[in-house]
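Asker: just a sequence and a predicted model for now, questions to come.
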Amino acid sequence: MSALWIAHVTVTDAEAYGRYAKGATEAIAAHGGVFIARGGRYVQLEGADRARNVVARFPSVEAAVECYNSPAYQEALSHAKGAAVRDLVVVEEAAP
């Protein structure tokens, strides 16, 4: 079953976060991830508002978690620490 990697982000240091985004994009692609939403317009209906919302589809929950734990993603993530407030969850998609 495919899975969605869903991040809600408030960027506090755009330059450092840009370095994160570049490395994260490469790591996500290397693990079969494809962005289906990245920034863009949104409407906050409930809960905490975060100005940046990102959704990537992975082949499986395991592939998404493997990506997160990979050395390449962790290197990218080091640039986001202190440069953003983030929530990240991986959710298995419902069967068609």
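Answerer: It's in.
Asker: just the helices in this structure please.
Answerer: 14-30, 61-69, 71-80 (DSSP state H).
Asker: isn't residue 33 right up against residue 60?
Answerer: No - checked against CB atoms under 8 Å, the pair residue 33 and residue 60 is beyond contact range at 10.8 Å. All C-beta atoms are positioned from the backbone trio N, CA, C, and that covers glycine.
Asker: neighbour count: the two, which is higher?
Answerer: Using other CB atoms under 10 Å as the criterion, residue 33 and residue 60 rank with residue 33 on top: 22 against 15.
Asker: who's the closest residue in space to the more buried one that isn't next to it in sequence bridged to?
Answerer: Using CB to CB, 6 or more residues apart in numbering and skipping the chain neighbours, the partner closest in space to residue 33 is residue 56 (4.4 Å). On the basis of DSSP bridges, residue 56 is bridged to residue 5, residue 35.
Asker: so what's residue 56 scoring on pLDDT?
Answerer: On pLDDT, residue 56 comes in at 98.
Asker: check the gap between it and residue 12 for me.
Answerer: Residue 56 is 22 Å from residue 12, where distance means CB to CB, to the nearest Å.
Asker: more neighbours: which of the two?
Answerer: residue 56 (24 against 12).
Asker: wait, the more buried one touches residue 4, no?
Answerer: Yes - between residue 56 and residue 4 there is a contact under CB under 8 Å: 7.2 Å.
Asker: overlap in contacts of the two?
Answerer: Here residue 56 and residue 4 have residue 36 as joint contacts, going by CB atoms under 8 Å, 6 or more residues apart in numbering.
Asker: thought residue 20 was touching residue 84?
Answerer: Yes - contact criterion CB under 8 Å: residue 20 and residue 84 qualify, at 7.5 Å.
Asker: nearest residue to residue 90 in space, please, no chain neighbours.
Answerer: Nearest non-adjacent residue to residue 90 (CB to CB, 6+ apart): residue 64, at 4.4 Å.
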